[in-house]
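In: give me coordinates for this.
(chains A, B and C)
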Amino acid sequence: MLDLIEKLFPICRSITGDGVRETLAIINEVIPVEVSEIPTGTRVFDWEVPREWNVREAYIENSAGERIVDFEDHNLHLMSYSAPIRRQMRLNELKEHLHSLPGHPKLIPYRTSYYDDNWGFCLSHDQLEALEDDTYNVVIDATLEPGHLTYGECLIPGASDEEILVSTHICHPSLCNDNLSGIAVTSHLAKQLLQQENRYSYRFLFVPVTIGAISWLASNEERLDRIRYGLVASNLGNDAKFTYKKTRTGSSSIDHAVMYALETAGVEHEIRGFLPYGYDERQYGSPGIGLDVGSLSRTPYGEYPEYHTSADNLSLVSEEKLEEALSVYARVFETLEDARYFLNRAPKGEPQLGRRGLYKRIGGQTNQAEQQMAILWLLNKSDGQHNLLDIARLSGMSEDILSAAAKLLVEQELLETL
Amino acid sequence: MLDLIEKLFPICRSITGDGVRETLAIINEVIPVEVSEIPTGTRVFDWEVPREWNVREAYIENSAGERIVDFEDHNLHLMSYSAPIRRQMRLNELKEHLHSLPGHPKLIPYRTSYYDDNWGFCLSHDQLEALEDDTYNVVIDATLEPGHLTYGECLIPGASDEEILVSTHICHPSLCNDNLSGIAVTSHLAKQLLQQENRYSYRFLFVPVTIGAISWLASNEERLDRIRYGLVASNLGNDAKFTYKKTRTGSSSIDHAVMYALETAGVEHEIRGFLPYGYDERQYGSPGIGLDVGSLSRTPYGEYPEYHTSADNLSLVSEEKLEEALSVYARVFETLEDARYFLNRAPKGEPQLGRRGLYKRIGGQTNQAEQQMAILWLLNKSDGQHNLLDIARLSGMSEDILSAAAKLLVEQELLETL
Amino acid sequence: MLDLIEKLFPICRSITGDGVRETLAIINEVIPVEVSEIPTGTRVFDWEVPREWNVREAYIENSAGERIVDFEDHNLHLMSYSAPIRRQMRLNELKEHLHSLPGHPKLIPYRTSYYDDNWGFCLSHDQLEALEDDTYNVVIDATLEPGHLTYGECLIPGASDEEILVSTHICHPSLCNDNLSGIAVTSHLAKQLLQQENRYSYRFLFVPVTIGAISWLASNEERLDRIRYGLVASNLGNDAKFTYKKTRTGSSSIDHAVMYALETAGVEHEIRGFLPYGYDERQYGSPGIGLDVGSLSRTPYGEYPEYHTSADNLSLVSEEKLEEALSVYARVFETLEDARYFLNRAPKGEPQLGRRGLYKRIGGQTNQAEQQMAILWLLNKSDGQHNLLDIARLSGMSEDILSAAAKLLVEQELLETL
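Out: Numbering: from 1, shown residues only, chains lettered A, B, ... in the order given. Below is the predicted model:
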């Protein structure tokens, strides 16, 4: 995953433009990605797809002809969606368009101006302080013209048409934990799911934040009833505990599955209630859409010091933390896949287990008494109202043991899978 | 309010009689009061309106012709609803009709005998102990005859026909906190509400306890479905924390509004569950009536030492405490008035706030980040199922901030008021 | 009760056979028991009634002709449902059929092999260790042949057809707390109920565990809708606190009644959630049966050291503990009998209590203020949705006081019994 991140890091992404296309092409080397292009001006719910933005070069030159700030050096130097300009100006005027972080004088901030007609450069506060009174040549050779908004998706069909949505944003330039860690984990998760049989279908979305999610929702409105649950993935590569932000209702099976997976994975984590703020769970959970989509990250949105600065670089993420996040996501979906509903086919009294070799005889990986209890709980609660996850909660037993016991009971035709 | 209390204090009130009429006439100087007279013998649910009681004079004279206990001095001296008598008797016989408080030897108790044929005098225990063996002339020149039960009401029409009921009792004689403080606060509250536009209609009831409330309910049974919530007001002028006794269900919006108002007012308070005892919330909350009526007081019914004694006089209440109670009541109704239901008119995804100047630009009295969150919570939860009070609880934000944000969203036609 | 237990102790019971018939005959001396015989081979839900087992004699003889282990001495010596055998064998071969408790070297264990074709002897570990290498003559003169499964029941008709089930198992041989204590307490409980008028009908079941309960359920399936609640009784004579295991839903009135009875009896107790393990509450609470049956015992199933050993003998139980258990069971059913639903016949406002002599005048066994509150709670909550037990919980008042107050209100025609 770190290789993928390294490859994606230098690309200048924004909510539209060739950087997004290039990013999707690289993800396509890991998993098949279907790319959609929505034309500028398309009405998407309350919004309109903006003009497409592409940059050829952008720099500030001093009177000695030295490029003192150059997009070529770091794509954070240019405020995203800066309008084209080619003009000389004095320091005073220039300063109104310069952004720095006085509290972190060595870092370049990340700034955007998607829906305002504006331009700007970002630089370290040390560099800003060192600027002399001079006449500067400001060049932004960019285009802001009718074009397209681009997003990608990867559908992994399962036995059922019901879909689980995994959404991650792809609109940030050289930022690593915020953006690239999500891309890396979700594309490798999709790769794993492609290699196995799944009960649910899985839809992976790689979308520019807000306008991308809204464009996808508007383009797929009539198919949204297929989506049973979803997760928004982001900030997954840094060295920090996990944070799960619940869905709008807070009581969806996806909430139970994530909490179960985090607990049984034995990883440090924190559970938070829904908040209409953050990433695209805001859009998926809006009242007119109402999907059960939570957000599973490590440190959330804006809560780590490197967030939205040049310090969110390759040194902030590690393969180890990415792998751990991948395994937690995989465990969530395993939990959901296993959380089947069963029906007891001999529901009057207990069936005679001994005759079927299920009475204190089922040996194997785990201890007999536990297996026996798992069988009794499954028989007692499999009335069509409780799935395996519910029975795990009621009994205090692990899904693994219950799942193994359910397999035996299905083989013996005592349980029927719903 | 203290002026009003001082004016009402000397009047001899009971559950019927001219003292009630006089009281309503004085309240009518503050707000318009519509007076109803229910004839003696009228059947009201399980009850019958009793005979009307009026007193001309009442005293106990010793053999020296000295009036040693006189209704003229303090109207608590005469047990309420005492039957007329004019007879000489020895101390022994008299003592069976004398009531005092041995534990509080300087105080005159308050006693009533509404539905028994009886008579009695109340006096301090010191005075009782000092009585000599003598022949006493006992005179109660009172009438207990067919007449009327009198109550008053003041309806303040609002935009909606739905009514909020505020009920206070007016049947106690010279008692100050119990009775007069409720009259003072509710009449001034009505005065305030008369001077402003209200969403709800407000109905203020000034009724003799129990039989008055029952008479009003029986006379208005077919109109009770208009009453959405209500509060019984009493004991509001002494120096003590507030006590809120919840409605029968304990989960009405009036319960939430009172608790919200008490918390945000920053006043010391205690919340209690419903109990079928106390004042007229018992009648409003009876199973065949079933109104959502709570009771908001300071020290409740019977829990302060001055209760139902001559010590519940003008020195027990203060303008400051009455004003505070008035402001808490006003805050409760403000909360209910503000607790509107809104509908998000752009419910699919978030609407584009920036285009409408609502994105991190709304300045003014409060901080931007809070306003931004208020806007997002309102948009997310305005599905017709959550009112402003619910959203305040869900978000942990104050109704004030949410209300201001809702105003902006209504102006921008993003929210519709239901 | 101890007399009954002493009489039953020596009998060799199993899930079928003459020991069961003899046991039911002895219970029939206390209460009338209707005996049912279900033929071997009868299909009962997922099970089949097994062959009947009876033993004439069973022993192990050494080469000197001494009977070193003899069923005559203790019926635990023979594994229940041992197949007949008459054969000589060396110690090595014999040992595969001997069962002891190395951790409790002086105790004989209790072993069964109902549904396997097997035989075995149980003995103390000390005795096992002392066995010499010898040729042993093994004799089990038993029959395992088509016959019947036997169970008994006693129906005590009440005013209503609705039944309360009390089930206890009768299939254990010389074991005292496990098995006989349940028989003693439930048969004496039935005796008490027979001597009084009851609202509910009571059905007492004396059944072999599992197959007996299943046979009864299968034979009475079309009548199960009459059963409103039930309790499984067992382990009631030892010196230990009570344990209540809730019904499948955990929120049935029987759960509330047992918890109320345990609390008000002032006995030490523990409440546990439902578990699909234990005695026949497993069968009654299976998803296709779904009866509200809890289990009220002292130390539960398998949790005391004497359990299923020769130490569960007469010294483990006492008349005092049996009596206490009987009184707790009686209190549970008193609670249910009293937990009637009433309807307030004057539900609009409070009725005029004074006119009926119910206002602060009701003297007698308890204090007036409490009676007054009981009356007000009953009137307020008797809307047909709350029974006496619910009102006790809501008001914090005891069922006794509420019940006495309800009696007064029914006499005065203010409450109607539903």
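In: going forward, measure contacts and count neighbours with C-alpha atoms only.
Out: Will do.
In: for the stretch 151-300 of chain A, what lies in contact range of chain B?
Out: A:214, A:275-277, A:282-289 (CA under 8 Å from any CA of the partner chain).
In: give me the buried subset of the residues you listed.
Out: A:214, A:275-276, A:282-289 (16 or more other CA atoms under 10 Å in any protein chain shown).
In: and those residues, which of them are in strands?
Out: Using DSSP state E, no member of these falls within strands.
In: touching chain B at all, stretch A:38-54?
Out: Yes - Stretch A:38-54 is in contact with chain B by CA under 8 Å from any CA, via A:45-47.
In: and that stretch, which residues are buried?
Out: In stretch A:38-54, counting by 16+ other CA under 10 Å, buried: A:38-40, A:44-54.
In: all helices for the stretch 201-350 of chain A, in order.
Out: Remark: helices assigned in the stretch 201-350 of chain A by DSSP state H, counting those that start in this stretch are A:211-219, A:253-265, A:281-284, A:319-338.
In: mind checking which of the residues of stretch A:38-54 next to chain B land in strands?
Out: Counting by DSSP E, these contribute A:Trp47 to strands.
In: dump the residues of stretch A:38-54 next to chain B to a markdown table, plus pLDDT and distance to chain C.
Out: Formatted as a markdown table, the residues of stretch A:38-54 next to chain B follow (pLDDT from 0 to 100; distance: CA to the nearest CA, whole Å):
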| residue | pLDDT | distance to chain C |
| --- | --- | --- |
| A:Phe45 | 93 | 46 |
| A:Asp46 | 92 | 48 |
| A:Trp47 | 94 | 50 |
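In: just the residues of stretch A:38-54 next to chain B now: which is nearest C:Asn92?
Out: A:Phe45 (84.7 Å; CA to CA).
In: residue in the stretch 1-150 of chain A nearest to chain B?
Out: Going by CA to the nearest CA, chain B is nearest to A:Asp46 of the stretch 1-150 of chain A, at 5.2 Å.
In: list the contacts for that residue?
Out: By CA atoms under 8 Å, 6 or more residues apart in numbering or on different chains, the contact set of A:Asp46 is B:346, B:348, B:350-352.
In: rerun that using 10 Å as the cut-off
Out: Contacts for A:Asp46 (CA atoms under 10 Å, 6 or more residues apart in numbering or on different chains) come out as A:214, A:218, B:345-353.
In: which pair in these spans the largest distance?
Out: A:Ala218 and B:Leu353 (17.7 Å).
In: what pLDDT does A:Asp390 get?
Out: pLDDT, A:Asp390: 89.
In: could you list the buried residues of the strand or helix carrying it?
Out: Per DSSP states H and E: A:Asp390 is located in helix A:388-395. Of all the residues in helix A:388-395, those buried under the rule 16+ other CA under 10 Å are A:388-392, A:395.
In: will you turn those residues into TSV that also has distance to A:Leu8?
Out: Shown next, in TSV, are those (distance: CA to CA, whole Å):
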residue	distance to A:Leu8
A:Leu388	40
A:Leu389	38
A:Asp390	41
A:Ile391	43
A:Ala392	41
A:Ser395	46
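In: got a list of what the most centrally placed residue in chain A touches?
Out: Nearest residue to the geometric centre of chain A (CA atoms, centre = their mean): A:Ala233, 2.0 Å. A:Ala233 is in contact with A:166-169, A:178-179, A:181-183, A:185-186, A:279-281, A:294-298, A:325, A:329, counting by CA under 10 Å, 6+ apart.
In: and the helix holding A:Asp390, what does it pack against?
Out: Using 3 or more CA pairs under 10 Å, 6 or more residues apart in numbering or on different chains; DSSP states H and E, the elements in contact with helix A:388-395 are helix A:253-265, helix A:319-338, strand A:341-344, helix A:368-381, strand A:383-387, helix A:399-411.
In: mind redoing it with 8 Å?
Out: helix A:319-338, helix A:368-381, helix A:399-411 (3 or more CA pairs under 8 Å, 6 or more residues apart in numbering or on different chains; DSSP states H and E).
In: and for the longest one, what's in contact with it?
Out: Helix A:319-338 is touched from outside by A:1-2, A:181, A:184-186, A:188-189, A:198-200, A:236-239, A:253-254, A:257-258, A:260-262, A:265, A:388-389, A:399, A:403, with contacts defined as CA under 8 Å, 6+ apart.
In: where does the nearest residue to A:Val410 once chain neighbours are set aside sit: helix, strand or coil?
Out: Using CA to CA, 6 or more residues apart in numbering or on different chains and skipping the chain neighbours, the partner closest in space to A:Val410 is A:Glu416 (6.0 Å). At A:Glu416 the chain is in strand, as set by DSSP: H, G, I helix; E, B strand; the rest coil.
In: secondary structure of A:Leu149: a helix, I assume?
Out: No - with three-state DSSP as the criterion, A:Leu149 is located in strand rather than a helix.
In: need the contact list for it.
Out: Contacts of A:Leu149 (CA under 8 Å, 6+ apart): A:15-17, A:37-40, A:49-50, A:52, A:212.
In: narrow the contacts of A:Asp46 to just the buried residues.
Out: A:214, A:218, B:345-353.
In: phi, psi of the residue of chain A most remote from its centre?
Out: No residue in chain A sits farther from the centre than A:Arg355, which is 49.8 Å out by CA atoms, centre = their mean. Per-residue torsions, A:Arg355: phi -60, psi -30 (degrees, to the nearest 10).
In: do you know the pLDDT at it?
Out: Confidence score, pLDDT, at A:Arg355: 86.
In: again, but for A:Gly364
Out: Reported pLDDT for A:Gly364: 42.
In: what does the stretch 251-400 of chain A put close to chain C?
Out: So the stretch 251-400 of chain A meets chain C at A:344, A:346-352, A:354-355, A:373, A:376-377, A:379-383, A:395 (CA under 8 Å from any CA).
In: same thing but at 7 Å, please
Out: Within the stretch 251-400 of chain A, the positions adjacent to chain C are A:346-352, A:376-377, A:380-381, A:383 by CA under 7 Å from any CA of the partner chain.
In: of those residues, closest to A:Lys246?
Out: A:Lys381 (26.4 Å).
In: enumerate every residue touching that closest one.
Out: A:391, C:287 (CA atoms under 7 Å, 6 or more residues apart in numbering or on different chains).
In: if we can go back for a sec, now a PyMOL select for only the buried ones of the contacts of helix A:319-338.
Out: A single PyMOL command is used to select the members of those judged buried by 16+ other CA under 10 Å:
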select buried, chain A and resi 1+2+181+184+185+186+188+189+198+199+200+236+237+238+253+254+257+258+260+261+262+388+389+399+403
